[in-house]
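Visitor: I would like to see how this sequence folds:
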Amino acid sequence: MNALLISNSTNFGEPYLAWCQTHIDLFCLKNKINAKSNIVFVPFAGININGEAFPKSYDAYETRVKNVFKSWGYNNLKSVHKSKNKIKAIEEADCIVVGGGNTFHLVAELHNYDLVDAIAQKVKKGTPYIGWSAGSNVACPTLCTTNDMPVVQPKSFKTLNLVPFQINPHYLDPTPEIDKMIKHGGETRQDRLNEYLAVNQKTVVVGLRESCALWLEGKKMFLRGGKKMIVFQYGKEPYEVIPGSDVSNLLK
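Guide: So this is what the prediction gives:
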């Protein structure tokens, strides 16, 4: 498999997809994705884009991503929501791109259109996959480590299962000074993930901080970007991994 799993699309104050452009370009170059390649975009996580609410948000999302990709030289990006035969569209893709947004809505639509198996089978046969935020979350066995509000109820929490571990995109470290100042009494992100691990004790969870990504190439996987990621396992102390590290052990 060849997959680029990105934590976030946009850093604060920067243009859309700016921070990860280099990583996407290198990934596309390595996988021979060019101006003529048939790039299929999955917009189902986008339920409120540029002031457009679902379902018009799909058109707005396609336009946003298409314009950026075209500016990079990838001229043939089309959204799967416009295809009458969505499974066929996936089967004919040279590259599959899944955007971020609400993971529950994304997964609900993937199941509604019978695309979970279609995408998984296509990617496992070698078709490159790029996802950010919710698009990275669905590369896991389930959506259960998303940060999102359950705005809809999917038929199943099962997702693409491209990697055997769970990802928490946009991972935020506890900030005790700020929490104390605003008298925050709720759980931190780490608390939430520990709750998940308490009932899924054999699962590994990767906290992907913003500005980092996982690059999967065959049986190898590396951490890219400018931030460390953090790995959680039940009953063990979390540990951090520096950018550039080989993290292929997580695929076992």
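Visitor: Around residue 126, how many other residues sit close by?
Guide: The tally of other residues near residue 126 (other CB atoms under 10 Å) stands at 11. In this view, the C-beta of every residue, glycine as well, is placed from N, C-alpha and C.
Visitor: Can you tell me the SS state at it?
Guide: Secondary structure, DSSP: H, G, I helix; E, B strand; the rest coil: residue 126 is coil.
Visitor: how about it, phi and psi?
Guide: Dihedral angles phi and psi of residue 126 (degrees, to the nearest 10) take the values phi 120, psi -10.
Visitor: check contacts around it.
Guide: Contact partners of residue 126, counting by CB atoms under 8 Å, 6 or more residues apart in numbering, are 1, 2.
Visitor: what about it, distance to residue 32?
Guide: 11 Å (CB to CB, to the nearest Å).
Visitor: got it, and residue 113?
Guide: Going from residue 113 to residue 32 by CB to CB gives 28 Å.
Visitor: quick one: which of these two has more around it?
Guide: Remark: of residue 113 and residue 32, residue 113 carries more neighbours, 17 against 10, as counted by other CB under 10 Å.
Visitor: Quick check, that one in contact with residue 84.
Guide: No. Counting by CB atoms under 8 Å, residue 113 sits too far from residue 84 to count as a contact (11.2 Å).
Visitor: Quick check: which ranges of the stretch 101-250 of the chain have low pLDDT?
Guide: Along the stretch 101-250 of the chain, segments meeting pLDDT under 70 span 176-185.
Visitor: Quick one: the strands in it, in order.
Guide: Along the stretch 101-250 of the chain, the segments classed as strands by DSSP state E, counting those that start in this stretch run 129-132, 166-168, 205-207, 212-217, 220-225, 229-232, 239-241.
Visitor: Which secondary structure elements does the last one sit against?
Guide: Just to be clear, that refers to strand 239-241. Counting contacts by 3 or more CB pairs under 8 Å, 6 or more residues apart in numbering; DSSP states H and E, strand 239-241 packs against strand 229-232.
Visitor: From the chain's centroid, how far away is the strand it packs on?
Guide: Relative to the centre of its chain, strand 229-232 is centred 16 Å away, using CA atoms, centre = their mean, to the nearest Å.
Visitor: packing partners for that strand?
Guide: Packed against strand 229-232 by the contact rule (3+ CB pairs under 8 Å, 6+ apart) you find helix 189-199, strand 205-207, strand 239-241.
Visitor: and with 10 Å instead?
Guide: strand 166-168, helix 189-199, strand 205-207, strand 212-217, strand 239-241 (3 or more CB pairs under 10 Å, 6 or more residues apart in numbering; DSSP states H and E).
Visitor: beta partners of residue 78?
Guide: residue 40 (DSSP bridges).
Visitor: Contact partners for it?
Guide: 38, 39, 40, 41, 62, 66, 89, 93 (CB atoms under 10 Å, 6 or more residues apart in numbering).
Visitor: Just the pLDDT at the second one, thanks.
Guide: We note a pLDDT of 98 for residue 39 in this prediction.
Visitor: Hmm, residue 90 and it touching each other?
Guide: No. Contact between residue 39 and residue 90 fails when scored by CB atoms under 10 Å: they sit 11.8 Å apart.
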